[in-house]
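Q: What would the 3D arrangement of this be:
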Amino acid sequence: MSESKTNGVPPHGEEKDNVPENEASSPPPTVDISGSHKKENKASKGQELKARGTWGGQLDFILALIGFSVGLGNVWRFPYLCYKNGGGAFLIPYIIMLALAGLPMFAMELGFGQFTSKGCIGIWTMAPLFKGIGIAMCIITAIVCVYYNMVIAYTLFYFFASFNKVMPWSGCDNYWNTENCTINTANNSRSENDTIGFNETTRPSQEFWNNYVLGRSEDMHHMGPIRWQLCLCLLLAWIVVFLCIFKGVKSSGKVVYFTATFPYVVLFILFIRGVTLPGAADGVLFYIKPDFSKLSDATVWKDAAVQIFYSLGAAYGGLHTLASYNKFHNNFQRDAIIIALINCGTSVFAGFVIFSVIGFMAHDSGLPISEVADSGPGLAFVAYPEALARMPVSALWSLLFFFMLFTLGLDSQFVMLETLITAVVDELKEYIPNVYAYKTRITIGACILGFLLGLPMTTNGGIYLLTLMDNYSAGFSLLLVAMLECIVVSWVYCNQERWWFGCGSRSGTFFMFTGASQFVQDMKVILKFDMNWYWRACWMVISPAILLFIFIFFCVTYGPLTYQEYTYPPAMEFLGWCMVLAAVLVIPGYMVYFLLAKAKGEGIMQRLAFSVTPGEDWGPALNKHRLEAGYPLLPDIESGATGTSSPLQNGSFVNPPDYNDVISKGGNGAVILETST
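A: Residues are numbered from 1 along each chain as shown. Prediction:
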């Protein structure tokens, strides 16, 4: 552990003179509690659960992580990107981007949240000047929450529509169909009007989506009335989300046992069914056939980086939140590697599921696979349902598919909402000590607000608003937030004195002079071993560089937003940029506010140094863990006592002692504490 906590530089609000001499002259203590951390006292465990709550078990956390990171994009985006960008060759940039950008960010955020047991806003006591990054995460997540639940509502709509012997999107004889409706088969095409040209025909599944589900208007200027069917589906979606999280991790930790595992059961069933269909082999070959010439295209590498970054869910605040409910000594590095591999494996496997069925549809319709394949809503609500409708017992496969999409979206949605609620509750705790007693009411309020904000997307023009929010809410702003998070943790994180002279050990390599070194030493307290140079190199240089590459690529290739044949006017794009600025501007805005209103010091440099110095409550939430990490102890909640160290008996705190209780130092600088008995 670095000496940064005990070199005489106080945290905010403390005087240097109050630091005991022996603490100022020695490395910060790492505590050996009764020689082992294998067993925790019941009182200590009760303290953890009472204050904020923890996962009921390690599997709860793992499944919640899987549910959050494995979402709709793994099924409806990755397979399309894979075939478009060189088939099996796309896995090369995909795996490289996983190793250099996705996994390092994933592990950083898990360790960040677990170390402090705080949400995505509270963790920024690490460097208070940058608290706006956490607020920006919440703004981005809040916007995504509003429209993402609308997507879940669409899956519910299709799920209920699947309770028919014949799928309503399979034919052209419904009242919402037009004269352009055409059913393609391998032998011929049948149309309501045989004089219609090929380029003017539409598929029945497309008309069901546009004319019946959406009732789509001609543009965003004609939003139209609320469609009651979509409104009820949206209401049901929010009710289900509330029921999943109204007791916090106690309820969501149990729900994920179903929502995180059920999609894999359905994917496996659909895979077995898909590969037995005629034409499946052509679809699978179309998906995986490598085209290595594509690797010279920068767009392929950009697509790989974007997919892995967004798929793992970095910079949304959800990873911090989930990890904040962990036991302090959970091996988050192991969890990060496991979940990242599961995430990527799911994407690849989903491609086989999707393209085996798409191959069958191409065979049955007589169309090329390239004309049948699609991504996003076009795959989930048009192409794949049409393929399912062509199967025997189509209702069964359709019900399974849409319920799978519902569960895939559901656990991502309730983790994002839990992220917002946790961040708000953690902030209110400073002003309302018993705020956790009101968490259910806060959850109800958040769900009601989310439902009301989502109502415009249930109108005839709602799909235009949803597409606008999807493209702008978590694009530029999310990349910028992720870059800043990486830079602050890797380069800024220090105590006050180290901010002037460099952070980390004076006797190490270049990597040891940075905030990344301090962060790794904090993580060592959790893991009981060092994180190697790979993590530091990625956090400091490689991951920010990749994120910067994606950001620049987005800026260079930016063009007018479109939805099918509709091009958004400048006024609507301006609305999208307002969503971007809502998250981005809060970062410099909070920096100015903190420097002017909260920072202490006579000159700008002193105020700046104060602003990047960790707050006095930065560090582990429990005093026994702060003692291990060498952080000043927090006031005893029940007795109001304070101290700079506190020994433990069987894992529980006793009255704070003075430093006479320090009787020896280990060879690695660890201080072994014993109580006087």
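Q: Not counting sequence-adjacent ones, nearest residue to Ala629?
A: Val525 (4.4 Å; C-beta to C-beta, 6 or more residues apart in numbering). The C-beta positions use only the backbone N, C-alpha and C, and glycine is treated the same way.
Q: helices or strands next to whichever strand or helix holds that neighbour in the packing?
A: Val525 is part of helix 515-527 when elements are defined by DSSP states H and E. Secondary-structure packing of helix 515-527 (3 or more C-beta pairs under 8 Å, 6 or more residues apart in numbering; DSSP states H and E): helix 103-116, helix 332-365, helix 533-537, helix 623-629.
Q: Can you list the low-confidence ranges for this protein?
A: Filtered on pLDDT under 70, the chain yields the residue ranges 1-53, 187-200, 495-513, 636-677.
Q: let's see it at 80
A: Filtered on pLDDT under 80, the chain yields the residue ranges 1-53, 185-200, 250, 375, 494-514, 636-677.
Q: Might one say that Leu103 is in contact with Ile337?
A: Yes - using C-beta atoms under 8 Å, Leu103 is in contact with Ile337, at 6.9 Å.
Q: Compare those two and say which is more crowded by neighbours.
A: The neighbour comparison of Leu103 against Ile337 (other C-beta atoms under 10 Å) goes to Leu103, with 26 against 14.
Q: Please enumerate the strands of the stretch 501-650 of the chain.
A: 562-563, 566-567, 648-649 (DSSP state E, counting those that start in this stretch).
Q: what lines up beside the second one in the sheet?
A: Listed by DSSP bridges, the sheet partners of strand 566-567 and their directions read strand 562-563 (antiparallel).
Q: circling back to that earlier point, the helix holding Val525 versus helix 103-116: what angle between them?
A: 60 degrees (axes from the mean of the first three to the mean of the last three C-alpha atoms, to 10 degrees).
Q: How far does helix 515-527 sit from its chain's centre?
A: The chain centroid and the centroid of helix 515-527 are separated by 22 Å under C-alpha atoms, centre = their mean, to the nearest Å.
Q: and it, C-alpha only, in PDB?
A: Extracted C-alpha coordinates of helix 515-527, given in PDB (Å, rounded to 0.1, in the frame of the first residue of the first chain):
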ATOM      1  CA  GLY A 515      -2.700   7.400 -10.000                       C
ATOM      2  CA  ALA A 516      -3.100   4.000 -11.600                       C
ATOM      3  CA  SER A 517      -0.400   2.800  -9.100                       C
ATOM      4  CA  GLN A 518      -2.400   4.100  -6.200                       C
ATOM      5  CA  PHE A 519      -5.500   2.500  -7.600                       C
ATOM      6  CA  VAL A 520      -3.800  -0.800  -8.000                       C
ATOM      7  CA  GLN A 521      -2.500  -0.700  -4.400                       C
ATOM      8  CA  ASP A 522      -6.100   0.000  -3.200                       C
ATOM      9  CA  MET A 523      -7.200  -3.000  -5.200                       C
ATOM     10  CA  LYS A 524      -4.500  -5.100  -3.700                       C
ATOM     11  CA  VAL A 525      -6.200  -4.700  -0.300                       C
ATOM     12  CA  ILE A 526      -9.300  -6.300  -1.900                       C
ATOM     13  CA  LEU A 527      -7.600  -9.000  -3.900                       C
END
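Q: Work out which residue lies at the spatial centre of the chain.
A: Gly313 (2.7 Å; C-alpha atoms, centre = their mean).
Q: ok, now how distant is the closest residue to it other than its chain neighbours from Gly317?
A: Leaving aside its sequence neighbours, Gly313 sits nearest to Ser69 (C-beta to C-beta, 6+ apart; 5.1 Å). Separation of Ser69 from Gly317 (C-beta to C-beta, to the nearest Å) stands at 14 Å.
Q: what's next to stretch 565-582, contact-wise?
A: 139, 143, 218-220, 464, 468-469, 471-473, 475-477, 560-562 (C-beta atoms under 8 Å, 6 or more residues apart in numbering).
Q: burial count for Gly461?
A: Neighbours of Gly461 (other C-beta under 10 Å): 21.
Q: Quick check, it in contact with Ile226.
A: No - contact between Gly461 and Ile226 fails when scored by C-beta under 8 Å: they sit 11.1 Å apart.
Q: what angle separates the helix holding Val525 from helix 332-365?
A: 100 degrees.
Q: buried ones in helix 515-527?
A: 515-527 (16 or more other C-beta atoms under 10 Å).
Q: Kindly reformat these as JSON lines containing distance to Cys538.
A: Formatted as JSON lines, the buried residues of helix 515-527 follow (distance: C-beta to C-beta, whole Å):
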{"residue": "Gly515", "distance to Cys538": "14"}
{"residue": "Ala516", "distance to Cys538": "9"}
{"residue": "Ser517", "distance to Cys538": "14"}
{"residue": "Gln518", "distance to Cys538": "16"}
{"residue": "Phe519", "distance to Cys538": "12"}
{"residue": "Val520", "distance to Cys538": "12"}
{"residue": "Gln521", "distance to Cys538": "17"}
{"residue": "Asp522", "distance to Cys538": "17"}
{"residue": "Met523", "distance to Cys538": "14"}
{"residue": "Lys524", "distance to Cys538": "17"}
{"residue": "Val525", "distance to Cys538": "21"}
{"residue": "Ile526", "distance to Cys538": "19"}
{"residue": "Leu527", "distance to Cys538": "17"}
